[in-house]
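> okay, sequence plus prediction incoming.
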Amino acid sequence: MKYYLGVDIGSIAVKAVALDEKKNLLEEHYLRIKGEPARVAEAILSDLKRRYNVAAVAATGSGGKQVAGHFVNEIIAQSKAVSHLYPQTRTVIEMGGEDSKLLLLKNGKLIDFSTNTVCAAGTGSFLDQQASRLGLKIEDFGKLALQSKHPPRIAGRCTVFAKSDMIHLQQKGTPDYEIVAGLCLAVARNFASNLGQKNKWKKPIVFQGGVAANIGVVRAFEQVLGLAPGELIIPQHFAFMGAIGAVLHYLENGKNGHED
């Protein structure tokens, strides 16, 4: 039996997976890079190579080219994974540490996409920064947002404006859970206005990437897009879709399928 490794090296973490030749997912690993993406990636891959008869390594993400082997553009990798695992998907929200993407699919094929390239506002790092300013752990951020009844309006297009709004709200004595909910809504509104237009939001809609773990942002997208609870699909392996897609691309295209 041959095995294939996929690695997605992002701005915050390395995500790695091991698949067999039948495309079954065997393992997944997530480690923060702490400024050393190549070292973290190599440590994970070395461990997997010791335990599997690895036929190939496929890489994607902003740091993916640091890992030799088969490199796949992250938009291609993300769309490949979702079309394989959730073939009826029409719209994909992908939100990582420092970028976000909107992918549009039809019959399992990528037909259009948009990416944010201007500012980190509306990404995972934006939420990390605001959580730190509030003295909160990002892991508690989402659950706290669910306590909100009247979330305030917070500027989501710029971290500077968001900080100003937060300071003003704190000075007024606004509870942290309301501010957190306002930030989640700011992220969702920012994404919807910058990357998506109303006529593009076709169901089923999938939300993947590390930020999909934040239940507060999930609820915010449901509200902004007018979706009923559960209509926004969160993949089981939401943080590993890029790594999975890189392997799937290799299995379908082989050595000649290099994607820049």
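Great, that's in hand.

> isn't Gln147 up against Tyr177?
Yes. Contact criterion CB atoms under 8 Å: Gln147 and Tyr177 qualify, at 4.1 Å. C-betas here are computed from N, CA, C, even on glycine.

> among the two, which residue is more densely surrounded?
Tyr177 (19 against 13; other CB atoms under 10 Å).

> for that one, give me its contacts.
With contact set as CB atoms under 8 Å, 6 or more residues apart in numbering, Tyr177 has these partners: 144-145, 147-148.

> same deal with Ala55?
Ala55 neighbours (CB under 8 Å, 6+ apart): 2-4, 21.

> mind checking the SS state of it?
Per DSSP: H, G, I helix; E, B strand; the rest coil, the secondary structure class of Ala55 is strand.

> need the contact list for the spatially most central residue of the chain.
With distances taken as CA atoms, centre = their mean, Gly209 lies nearest the centre of the chain, 1.7 Å away. If you count contacts by CB under 8 Å, 6+ apart, Gly209 has them with 93-96, 100, 124, 238-239, 241.

> show me where pLDDT drops low in the stretch 101-250 of the chain?
Residue ranges of the stretch 101-250 of the chain with pLDDT under 70: 117-122, 156-159, 197-199.

> recalculate using a threshold of 90.
Residues of the stretch 101-250 of the chain meeting the criterion pLDDT under 90: 114-142, 154-167, 170-171, 186-187, 189-201, 229-230.

> stretch 21-38: which residues count as buried?
25, 28-30, 33, 37 (16 or more other CB atoms under 10 Å).

> which members of those residues occur in strands, if any?
Using DSSP state E, the members of the buried residues of stretch 21-38 that fall in strands are 25, 28-30.

> okay if I get the contacts of Tyr177 as a markdown table plus secondary structure and distance to Gln88?
Listed next are the contacts of Tyr177 as a markdown table, based on DSSP: H, G, I helix; E, B strand; the rest coil; distance: CB to CB, whole Å:
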| residue | secondary structure | distance to Gln88 |
| --- | --- | --- |
| Leu144 | helix | 33 |
| Ala145 | helix | 29 |
| Gln147 | coil | 34 |
| Ser148 | coil | 32 |
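
> helices along the chain, start to end?
37-51, 74-85, 124-133, 138-145, 159-171, 176-195, 215-225, 241-253 (DSSP state H).

> of the ones you listed, flag the one that's most buried.
Across the helices of the chain, averaging neighbours per residue (mean count of other CB atoms under 10 Å) puts helix 241-253 on top, at a mean of 26.
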